[in-house]
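got a predicted structure here, sequence first:
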Amino acid sequence: MHEAMHDNDGKTRPCPQERKGTLDEDKRRIADNKRVDCGKAQFASLGVYFKVAADISEVLEK
């Protein structure tokens with residue numbers, strides 16, 4: 001999932017994220033874990049921070 005976030009300077013920045021119901025890999029479906037792993041690898045290769053979160057409040061945490 002890709003959403004936009006606004007920085008303190010007012011600029012809009014892309015915010016790649018993969019929200020899941022749990023952060024516990026053992027409780028997620030195999031397909032969900034594969035999506036997370038793929039997202040991590042894809043964005044790491046681009047030098048973009050990627051965060052796995054269970055809900056939006058975790059995405060907004062620094």
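Okay, I see it.

SS state for residue 32?
helix (DSSP: H, G, I helix; E, B strand; the rest coil).

wait, it sits on residue 20?
Yes - Residue 32 lies in contact with residue 20 (CB atoms under 8 Å); the separation is 5.7 Å. Bear in mind the C-beta positions are built from the backbone N, C-alpha and C, glycine included.

give me the outermost residue of this structure relative to its centroid.
Within the chain, residue 9 marks the point farthest from the mean C-alpha position, 22.0 Å out by CA atoms, centre = their mean.

and that one, helix, strand or coil?
coil.

what sits against it?
Going by CB atoms under 8 Å, 6 or more residues apart in numbering, residue 9 touches no other residue.

how far away is residue 27 from residue 40?
Going from residue 27 to residue 40 by CB to CB, to the nearest Å gives 18 Å.

out of the two, which sits in the more crowded spot?
residue 40 (15 against 10; other CB atoms under 10 Å).

helix or strand next in line after the helix or strand where the more buried one lies, which one?
Using DSSP states H and E, residue 40 sits within helix 30-45. Toward the C-terminus, helix 30-45 is succeeded by strand 51-53 as the next helix or strand (DSSP H and E).
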